[in-house]
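*Asks:* the following block contains a protein sequence and its predicted model.
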Amino acid sequence: MKKIGVFTSGGDSPGMNAAIRAVFKTCSHYGITSVGIQRGFNGMIEGDYIELNENNTEGIIRRGGTILKSARSEAFRTPEGREKAYQFLKQSGIEGLVAIGGDGTYRGVRVLREEFNIPAIGIPGTIDNDLYGTEYTLGYDTAVNTAVECMDRIMDTAESHDRMFFVEVMGRDAGFIALHAGMASGAGGILIPEDPDDWNELYAVLEKRGKAGVKEPFLVVVSEGEKEGNAFYLSEQIKTKYPNFDVKVSVLGHVQRGGAPSWFDRVLGGKMGVAAVEALRAGKTDLATGLKGEEIIFTPFEQAVKMHRIPDVETIRMSKILR
Ligand code: F6P
């Protein structure tokens, strides 16, 4: 293999740049040229790319986001779009792809392999941690650290005013960020889509406090995918029932996606980047890299896109004791 293309697609996540750098370093190590395709599948269709080198990968390990930019491509969903992407890959001599993103990204490169036989290896890049085939996705650790830092700050004001806070965190339809950030913040309530009883249990706790007239700082972490409703809606329920509570809402939003990656996400991006290039060199395709313990493992795209990872019941059980 003489030339490999790397790209990022879907939502950016901290650590993507570390993975891009790792693809460049590993390719250089094996005498392979590496190119960075810009703006995900859109750049592939439009032939928008840069050759990666020491200069444009210098220092990127420290930076959040993705230097290659990211996009969710509508054009790639059409046969004409994919034909254009293939023509670009053929003309520029790109023989294999490293695709950094979520299950939509895996689906895209899988179709490209089926239609045009371009081999591809995936790297799971999302803050949501919901991809099957890895214990950690790239960016999750940083996002949880950011959420915890924000919650610590919020608790300073909650403690100063004896306030109750409903803090909404990201995660799409998965509760990983809420569960772990909530546990790490010592939250009194954690609401995640995977736990059907959480709202009733929390309501019972608040009812007791309301009746007893307890007015103390209290943190509820709400996952954006919580089935009972969002942080504003749920806080209104409590405010209406217990007007003596001083209730505030804070939605952390995209602040969780940005920022310098943690050491963990930098190392994870590095290891996955090396493994992805080495897998392509070994003639492998249609596999997603993943982390199991210290080891990098591979899961077929077919399995990775079908299954959805959810928090384990034991962690959820323990988190209830710790509230
Ligand atoms: O998948 C990552 C994520 O940040 C989710 O947690 C969130 O639901 C979504 O992306 C937000 O997407 P966008 O940036 O397109 O609004």
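*Replies:* Yep, it's here.
*Asks:* list the contacts of the residue of the stretch 151-300 of the chain found nearest the ligand.
*Replies:* Proximity of the stretch 151-300 of the chain to the ligand (C-beta to the nearest ligand atom) peaks at residue 170, 3.4 Å away. (Glycine included, C-beta is placed from N, CA and C.) Residues in contact with residue 170 (C-beta atoms under 8 Å, 6 or more residues apart in numbering) are 127-128, 143, 177, 224, 252-254, 256-257.
*Asks:* could you find the closest non-adjacent residue to it?
*Replies:* Using C-beta to C-beta, 6 or more residues apart in numbering and skipping the chain neighbours, the partner closest in space to residue 170 is residue 256 (5.2 Å).
*Asks:* ok, back up a step: and the contacts of residue 170 near the ligand, which?
*Replies:* 127-128, 224, 257 (C-beta under 6 Å from any ligand atom).
*Asks:* among those, which two are most distant?
*Replies:* Farthest pair in these (C-beta to C-beta) is 224 and 257. Separation: 12.5 Å.
*Asks:* helix, strand, or coil at the nearest residue to residue 173 once chain neighbours are set aside?
*Replies:* Sequence neighbours aside, residue 225 is the residue nearest to residue 173 in space, at 4.0 Å (criterion: C-beta to C-beta, 6+ apart). Following DSSP: H, G, I helix; E, B strand; the rest coil, we place residue 225 in the coil state.
*Asks:* and the gap between residue 225 and residue 310?
*Replies:* Per C-beta to C-beta, to the nearest Å, residue 225 is found 11 Å from residue 310.
*Asks:* and residue 207, by the same measure?
*Replies:* Taking C-beta to C-beta, one finds residue 207 at 29 Å from residue 310.
*Asks:* and for residue 111?
*Replies:* Taking C-beta to C-beta, one finds residue 111 at 26 Å from residue 310.
*Asks:* cool, and residue 223?
*Replies:* Taking C-beta to C-beta, one finds residue 223 at 12 Å from residue 310.
*Asks:* average pLDDT for whichever helix or strand residue 98 is part of, rounded please.
*Replies:* Assigned by DSSP states H and E, residue 98 falls within strand 96-101. The pLDDT scores in strand 96-101 average 98.
*Asks:* and the contacts of that strand?
*Replies:* With contacts defined as C-beta under 8 Å, 6+ apart, strand 96-101 is touched by 1, 4-10, 16, 19-20, 23, 40, 66, 70, 89, 105-106, 108-109, 112, 118-126, 138, 273, 276-277, 280, 285.
*Asks:* make it 7 Å
*Replies:* Residues from elsewhere that reach strand 96-101 (C-beta atoms under 7 Å, 6 or more residues apart in numbering): 1, 4-10, 16, 19, 23, 105-106, 109, 118-123, 125, 276-277, 280.
*Asks:* can you give me the strands for the protein?
*Replies:* 3-8, 33-37, 49-51, 96-101, 120-124, 164-169, 189-191, 218-223, 247-251, 287-292, 295-300 (DSSP state E).
*Asks:* who does the last one touch, helix- and strand-wise?
*Replies:* Applying 3 or more C-beta pairs under 7 Å, 6 or more residues apart in numbering; DSSP states H and E, one finds that strand 295-300 makes contact with helix 263-281, strand 287-292.
*Asks:* dump the ones you listed into TSV; add mean neighbour count as well.
*Replies:* As requested, the helices and strands packed on strand 295-300 are exported to TSV (neighbours: other C-beta atoms under 10 Å):
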stretch	mean neighbour count
helix 263-281	22
strand 287-292	22
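*Asks:* residue 152: which of these is closest?
*Replies:* Closest to residue 152 of the helices and strands packed on strand 295-300, according to C-beta to C-beta: helix 263-281, at 19.0 Å.
*Asks:* and that closest one, average pLDDT?
*Replies:* Here the average pLDDT along helix 263-281 is 98.
*Asks:* same check on stretch 240-252?
*Replies:* On average, stretch 240-252 scores 94.
*Asks:* what sits up against it?
*Replies:* Taking C-beta under 7 Å, 6+ apart as the rule, stretch 240-252 contacts 147, 150, 154, 161-169, 206, 210, 213, 215, 231-232, 235, 238-239.
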